[in-house]
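>>> Got a predicted structure plus its sequence, pasted below:
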Amino acid sequence: MIDNKFRVLLADTREALQLHYMIRYRVFCLETKYEDEKAFPDKMERDSYDKQSVHFLVRAEETGQWVASMRLVIGSLRSLPLMEYCNLDPGVGPPLDVPAAEISRLCVIGPYRRGKSEGVRLAERRAPEDRAENLVRLERRREPKILLKLINSAVEYCSAHGINYGYALMAEPLMRI
């Protein structure tokens, strides 16, 4: 079944990049507090890896709302963010100078992101008079579809650009998706 409720777009204009950085700021600074919002006074979360990255945005087709973003850091394995956190065993995987990509800064805005204790059954058990909250919780069911669309877009981009090695560091719940 094809899900056309979300569209993934390449953020390849100045305006699209700004939107991408604003989504990251919202998720990483305001919603999850992963980054310090004071470090980004322009309300756009960025870092040194953005210059060697391709950026993606996700729009909900029904509402036109921008709901997610992701970057794909492109370079040799030695230049990817994961190398700050990992030591790869020599001889495991490709040489360090082979073109590679890393999925990074993958994020979904709050109303479309699952909370730790929320799930489909909880949303469906909500009282009818609590419809607004129920709707928000039901929107969260779409998060895996959004994430899969983004990851598929990264794979397609790599395939089209001759990049044969891809990496991602993520939390275990994300890996299950």
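Great, that's in hand. Numbers count the residues shown, from 1 in each chain.
>>> Tell me the pLDDT of Glu102.
Note on Glu102: pLDDT of 95.
>>> Surely it and Ile163 touch.
No - between Glu102 and Ile163 there is no contact under CB atoms under 8 Å: 10.4 Å. Every residue, glycine included, has its C-beta placed from N, CA and C.
>>> So which other helices or strands are in contact with the helix of greatest length in the chain?
For the chain, the longest helix by residue count, based on DSSP state H, is helix 143-160. Packing contacts for helix 143-160, counted by 3 or more CB pairs under 8 Å, 6 or more residues apart in numbering; DSSP states H and E, involve strand 6-10, strand 53-60, strand 66-76, strand 99-108, strand 166-168.
>>> go with 6 Å
For helix 143-160, the helices and strands in contact under the criterion 3 or more CB pairs under 6 Å, 6 or more residues apart in numbering; DSSP states H and E are strand 6-10, strand 66-76, strand 99-108.
>>> What angle do strand 66-76 and it make with each other?
30 degrees (axes from the mean of the first three to the mean of the last three CA atoms, to 10 degrees).
>>> out of the helices and strands packed on helix 143-160, which comes closest to Ala39?
strand 99-108 (14.8 Å; CB to CB).
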